[in-house]
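Novice: Predicted model, plus sequence, below.
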Amino acid sequence: MNAVEVTGVSKVFRVAKGAEVVALDSVSLSVVPGEFVSLIGPSGCGKSTLLRLIADLDQPTAGEVLVFGKSARQARIDQDYGIAFQQAGLLPWRTVTGNIELPLELHGVGKAARRARAQDLLALVGLSDFADRYPDQLSGGMQQRVAIARSLAESPELLLMDEPFGALDEMTRERMQTELVRICAETGAAVVFVTHSIPEAVYLSSRVVVMSPRPGRIQEVVTVGLGSAGTRDDALREDAAFFASVKAVREALHGDAVHEKAPHSVRGVETR
Ligand SMILES: Nc1ncnc2c1ncn2[C@@H]1O[C@H](COP(=O)(O)OP(=O)(O)OP(=O)(O)O)[C@@H](O)[C@H]1O
């Protein structure tokens, strides 16, 4: 059974004066268990919309979204996935441990079990020494690591991540990417990951889904053959195979620019 099955999904937003924005048009995508899939594409191509539909934070205008064979709504009710978005979204009045324990607390997990789980997760993201700090006492990168730990609290088999490293400096970002790959290898979670960074998408993913805007469609899916998550380390960033995949994704994105130009020139000819 697929972790995510998106079939023929369209999303139309009604905006001012009856106008419509076709954010997604007939998008289909399958993500198998344990697979890391990135969504990349120009601003406004519908990446966040697609992730929000999978997370049932919004509903499709047409088509179907299944998560582990259930409706998106049922999967949300059953908390079948963890979510980490760009803003860490931590509760400022709770300690790091309190934030990580929150989803467990909401599901009635006992105090001792919650504490033990939080300690494991803090070790996993390298923040054991910061368990009793408050979010505003941490750097942005540390806060995002806490958010990732929280998204992993219930050992989800699926993580939905929308630019979780977007605000980080390049060095912290690369370290976080390495940590995320390690975490996924350890937990076997599938991931749907939205990013603007080609190297980030290539480093993390087994497949990179390249999207195009107006209307948002899947333009190309680039398979990245860089080995399993467990074998990906920093040396990979200097590897010829890595650069080849970066080039393939870049070309897929540039293909979009070529497609966009063509109709304009045709229209120009028609109006003359
Ligand atoms: N709630 C909304 N109401 C109206 N239009 C929306 C809404 N949410 C998204 N859109 C529109 O849908 C399109 C896709 O937006 P979305 O945020 O999914 O793109 P994106 O690829 O994630 O962009 P970015 O890379 O800039 O984050 C855009 O044209 C956006 O303006």
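Specialist: It's in. Residues are numbered from 1 along each chain as shown.
Novice: How about the residues of the chain by the ligand?
Specialist: 13, 15, 21, 23, 41, 43-49, 216 (Cβ under 6 Å from any ligand atom). Backbone N, C-alpha and C define where each C-beta goes, glycine included.
Novice: Could you count how many residues lie near residue 160?
Specialist: By other Cβ atoms under 10 Å, the residues close to residue 160 number 24.
Novice: any idea whether it is helix, strand or coil?
Specialist: strand (DSSP: H, G, I helix; E, B strand; the rest coil).
Novice: Could you provide the residues of the chain next to the ligand in JSON lines, with additional columns for neighbour count?
Specialist: Converted to JSON lines, those look like this (neighbours: other Cβ atoms under 10 Å):
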{"residue": "13", "neighbour count": "13"}
{"residue": "15", "neighbour count": "9"}
{"residue": "21", "neighbour count": "15"}
{"residue": "23", "neighbour count": "26"}
{"residue": "41", "neighbour count": "23"}
{"residue": "43", "neighbour count": "7"}
{"residue": "44", "neighbour count": "14"}
{"residue": "45", "neighbour count": "24"}
{"residue": "46", "neighbour count": "28"}
{"residue": "47", "neighbour count": "27"}
{"residue": "48", "neighbour count": "18"}
{"residue": "49", "neighbour count": "21"}
{"residue": "216", "neighbour count": "26"}
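Novice: For my notes, please list the residues you listed in a markdown table and give secondary structure and pLDDT for each entry.
Specialist: Listed next are the residues of the chain next to the ligand as a markdown table, based on DSSP: H, G, I helix; E, B strand; the rest coil; pLDDT from 0 to 100:
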| residue | secondary structure | pLDDT |
| --- | --- | --- |
| 13 | strand | 94 |
| 15 | coil | 86 |
| 21 | strand | 91 |
| 23 | strand | 95 |
| 41 | coil | 95 |
| 43 | coil | 92 |
| 44 | coil | 92 |
| 45 | coil | 94 |
| 46 | coil | 95 |
| 47 | helix | 95 |
| 48 | helix | 94 |
| 49 | helix | 96 |
| 216 | coil | 93 |
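Novice: Could you identify the most distant pair in those?
Specialist: 15 and 41 (20.6 Å; Cβ to Cβ).
Novice: still on that earlier bit, return the member of the residues of the chain next to the ligand nearest to residue 137.
Specialist: Closest to residue 137, out of all of the residues of the chain next to the ligand and judged by Cβ to Cβ, is residue 48, at 29.6 Å.
Novice: tell me the contacts of that closest one?
Specialist: Residues in contact with residue 48 (Cβ atoms under 8 Å, 6 or more residues apart in numbering) are 162, 194.
Novice: just to revisit the earlier point, and which of the residues of the chain next to the ligand is nearest to residue 191?
Specialist: Nearest member of these to residue 191, counting by Cβ to Cβ, is residue 47, at 13.9 Å.
Novice: show me what contacts the closest one?
Specialist: 39-41, 162, 194, 211, 216.
Novice: for residue 128, same thing?
Specialist: 119, 122.
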